[in-house]
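Undergrad: What would the 3D arrangement of this be:
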Amino acid sequence: MRKRSKRYAQAAAQVETGRRYALPEAIELLQSFPAPKFDETVAVVVRLGIDPRKSDQIVRGAFSLPHGIGKSVTVACFAEGEHAEAAKEAGADFVGAEDLAEKIQAGWTDFDVAIAHPGMMRVVGKLGRLLGPQGKMPSPKAGTVTESIGTAVREFKAGKIEFRNDSGGNLHAVMGRRSFEPTKLKDNVEAFLDHVTTLKPTTAKGNFILGAHIAGTMSPGIELSVAG
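TA: From the prediction side, this is the model:
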């Protein structure tokens with residue numbers, strides 16, 4: 001059993017068991033917890049009413065949070081010619097084609113997001129077994145396979161997030177930093193949850209959003225009062 005820190009225990013003691021908190025209350029509570037020596041990432045976990053074993057009930061996509069995520073995002077881009085130049089001008093950290101693919105095949109994955117021009121999928125396709133499990137495989141649905149390379153790079157550098165449900169039917173998404181103003185965290189969470197409600201697969205029955213929690217990197221989760 002994992003041993004929790006004294007700070008975690010103190011924070012957990014502040015959370016009422018079984019209570020679902022309104023978002024402003026949850027954020028206030030989260031920011032009142034004993035703080036670690038770094039600025040925690042704040043994330044939400046959304047439990048969905050889907051069968052994650054069925055391919056037609058996979059929930060994935062990308063979303064631009066109103067206030068970004070408060071951290072630098074490293075972008076690798078698969079592009080050539082004018083598209084490569086557009087990626088560089090937009091701020092991509094790594095740009096290449098076969099050379100970039102070879103680097104990744106050798107074990108390098110030191111980036112947060114991979115973006116590809118459609119013409120590069122002949123190169124990117126063979127990286128699925130490496131990037132897929134890490135959630136870094138470019139995809140048209142996630143907005144990371146696109147003709148508009150420069151726009152995509154700028155959006156992800158500014159804090160656009162990718163998400164995909166896990167094997168348990170949960171979505172995990174970064175919402176910002178603990179140091180954010182409460183209203184900015186609230187805006188980000190509300191905007192994301194509103195977006196998620198539009199993604200219910202047609203084959204999923206019953207309530208779509210079954211529950212949601214917000215938590216910092218080193219803090220206990222706080223259950224939110226959300227509509228299904």
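
Undergrad: Not counting sequence-adjacent ones, nearest residue to the most centrally placed residue in the chain?
TA: Closest to where the C-alpha atoms of the chain average out (CA atoms, centre = their mean) is Ala173, at 3.7 Å. In space, and not counting its chain neighbours, Ala173 is closest to Phe163: 4.8 Å by CB to CB, 6 or more residues apart in numbering. C-beta coordinates here come from the backbone N, C-alpha and C atoms, glycine included.

Undergrad: That neighbour - that's part of a helix, no?
TA: No: secondary structure of Phe163 (DSSP: H, G, I helix; E, B strand; the rest coil): strand, not part of a helix.

Undergrad: And the pLDDT for Lys103?
TA: If you check Lys103, the pLDDT there is 96.

Undergrad: That one in helix, strand or coil?
TA: Here Lys103 is helix, with the state taken from three-state DSSP.

Undergrad: related to what we said a few turns ago, what helices or strands is the helix or strand containing the residue nearest to the centre of the chain leaning on?
TA: Remark: Ala173 resides in strand 170-177, with elements defined by DSSP states H and E. Judged by 3 or more CB pairs under 8 Å, 6 or more residues apart in numbering; DSSP states H and E, the packing partners of strand 170-177 are strand 41-48, strand 160-164, helix 182-197.

Undergrad: Which phi and psi values does Ile209 adopt?
TA: Ile209 adopts backbone torsions of phi -100, psi 110, taken as degrees, to the nearest 10.

Undergrad: I'd like to know how many residues surround it.
TA: 18 (other CB atoms under 10 Å).

Undergrad: could you list every residue that touches it?
TA: By CB atoms under 8 Å, 6 or more residues apart in numbering, the contact list for Ile209 reads 46-49, 193, 196-197, 226-228.

Undergrad: how does it look with 10 Å?
TA: 46-49, 171, 193, 196-197, 200, 224, 226-228 (CB atoms under 10 Å, 6 or more residues apart in numbering).

Undergrad: Please tell me how far the residue of the chain most remote from its centre sits from Val73.
TA: Computed with CA atoms, centre = their mean, the residue of the chain farthest from its C-alpha average is Gly81, at 29.9 Å. With the distance defined as CB to CB, to the nearest Å, Gly81 ends up 24 Å from Val73.

Undergrad: now swap in Ile27 and tell me
TA: From Ile27 to Val73 the distance is 23 Å (CB to CB).

Undergrad: So between those two, which is more surrounded?
TA: Taking neighbours as other CB under 10 Å, Ile27 and Val73 compare with Ile27 leading, 25 against 19.
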